[in-house]
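*Asks:* Attaching a predicted model along with its sequence, questions to come.
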Amino acid sequence: MRTILFILRKEFLQIKRNRTMLPIIFFVPFVQLIILVHAATFEMKHIRMHIIDRDNSSVSRDITGKFRGSPFYDITNYSFSDKEGEEDLKKNKADIVMIIPKHFERNLKTESSGKIQLVINAINAASAGLTYAYTQSIILKYNLDLVTEWANLPSNVRTSSISITHSFWFNPELNYKNYMVPGILVLLVTLIGMFLTGMNIVREKEIGTIEQINITPIKKHQFIIGKLLPFWIIAQFELAFGLTLGKLLFNIPILGNLGVVFTFSSIYLLVVLGLGLIISTINNTQQQSMFISFFFMIVFIMMSGLFTPVESMPVWAQKINIINPVAYFIKVMRMVLMKGSGFADIKQQLISISVYAVVILSFAVWRYRKVS
């Protein structure tokens, strides 16, 4: 134990003196947290719309007014030309072109139907789908009001129809920050564990101190514990500080017991630290270590469910995702913080990550060879 304490002291002094590592630990993660929470969102708040109104009737002007009054739409242009609308889409000046044809109001009155064309920029399929959903809901709402008005129905007639009400559980205000902050915190913890662990041990190889350590009486398990434990402590501190920052800046909900979060993170970090140790054993330079770590991080992030639901992925991808530790932690963070889940609710993820930790750490310790 005394030997491990000496190694820990050496590691913390080395981290303190390393000008490259300190910004990565204390500055970069929180800049990413503040920026990503605002930038990484699927909310559509400024949909740029080009309106082509060939009817120029009271109905078409009413429909246009609905979109002008919506906080989600910015009317960027108003014309009578399809070519002008197409040019705005090509030049990225508009996200959607709404075309109201001639005799639209007349057709509504005589034929009880009318057509509106929507041309949407679908380069980004997710935003295109949301744009269509928003636009369709406004048109359908106006259509219902119009039918009621033209049929001369009393204002209270809707009380006899089916009334649908809804409530959003766990995120009533549909605040995207509540969804993103827990996931981003997981990425920051993973960054500390995987990147810095691999870089730290490889750095010993680069400067030659690893050879001096290898000829000392320090045992392999003492060296590994002394190397990994500082980053385990730092990552836990980063998680605690990140949760505090998330509560103060973004008012994220913390409905569950934080003890559940930190218990799971303690085991999760063993997996991440083990991966960092494995990466360090197969590389000889920090640059190589960063490239390998970056490769794994990209795969883990894209398949973690941070930006897209895991359930929407192909079946084969969902099966492969069983080896993605980031996916486990993101799911648990959201369950505990937003749903108030306890140990019984995350039992499956806890067992899986515990088995994962034993396997990865065992392999990492076996793979690392101390040459005497």
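*Replies:* The structure has been received and is ready for your questions. Numbers count the residues shown, from 1 in each chain.
*Asks:* starting at the chain centroid, how far to stretch 107-124?
*Replies:* 35 Å (Cα atoms, centre = their mean, to the nearest Å).
*Asks:* which is the next helix or strand following the helix ranked longest in the chain?
*Replies:* Determined from DSSP state H, the single longest helix within the chain is helix 220-250. Going down the chain from helix 220-250, the next helix or strand is helix 258-281, by DSSP states H and E.
*Asks:* State the mean pLDDT of that next one.
*Replies:* Averaging pLDDT along helix 258-281 yields 92.
*Asks:* Buried residues of that helix, list them for me.
*Replies:* Across helix 258-281, burial judged by 16 or more other Cβ atoms under 10 Å covers 260-261, 264-265, 267-281. No exception for glycine: its C-beta is placed from N, CA and C like everyone else's.
*Asks:* likewise stretch 320-336?
*Replies:* For stretch 320-336, burial by neighbour count (16+ other Cβ under 10 Å) applies to 321, 324-336.
*Asks:* With secondary structure and pLDDT added, can I get those in JSON lines?
*Replies:* Output for the buried residues of stretch 320-336, formatted as JSON lines (DSSP: H, G, I helix; E, B strand; the rest coil; pLDDT from 0 to 100):
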{"residue": "Asn321", "secondary structure": "helix", "pLDDT": "89"}
{"residue": "Asn324", "secondary structure": "coil", "pLDDT": "93"}
{"residue": "Pro325", "secondary structure": "helix", "pLDDT": "94"}
{"residue": "Val326", "secondary structure": "helix", "pLDDT": "94"}
{"residue": "Ala327", "secondary structure": "helix", "pLDDT": "93"}
{"residue": "Tyr328", "secondary structure": "helix", "pLDDT": "94"}
{"residue": "Phe329", "secondary structure": "helix", "pLDDT": "95"}
{"residue": "Ile330", "secondary structure": "helix", "pLDDT": "94"}
{"residue": "Lys331", "secondary structure": "helix", "pLDDT": "93"}
{"residue": "Val332", "secondary structure": "helix", "pLDDT": "95"}
{"residue": "Met333", "secondary structure": "helix", "pLDDT": "95"}
{"residue": "Arg334", "secondary structure": "helix", "pLDDT": "93"}
{"residue": "Met335", "secondary structure": "helix", "pLDDT": "94"}
{"residue": "Val336", "secondary structure": "helix", "pLDDT": "95"}
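*Asks:* Okay, angle between the helix or strand hosting Ile35 and helix 220-250 too, please.
*Replies:* Here Ile35, judged by DSSP H and E, is contained in helix 28-39. Relative orientation of helix 28-39 with respect to helix 220-250: 40 degrees, computed using axes from the mean of the first three to the mean of the last three Cα atoms, to 10 degrees.
*Asks:* buried residues in helix 28-39?
*Replies:* Pro29, Leu33, Leu36, Val37.
*Asks:* can I have that helix written out in CSV, keeping just the CAs?
*Replies:* Listed next in CSV are the C-alpha coordinates belonging to helix 28-39 (Å, rounded to 0.1, in the frame of the first residue of the first chain):
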residue,chain,number,x,y,z
VAL,A,28,-11.4,21.4,-22.7
PRO,A,29,-14.2,19.2,-21.1
PHE,A,30,-16.2,22.1,-19.7
VAL,A,31,-15.9,24.3,-22.9
GLN,A,32,-17.2,21.3,-24.8
LEU,A,33,-20.1,20.9,-22.3
ILE,A,34,-21.2,24.5,-22.6
ILE,A,35,-20.8,24.5,-26.4
LEU,A,36,-22.2,21.1,-27.2
VAL,A,37,-25.3,21.5,-25.1
HIS,A,38,-26.4,24.5,-27.1
ALA,A,39,-25.1,23.3,-30.5
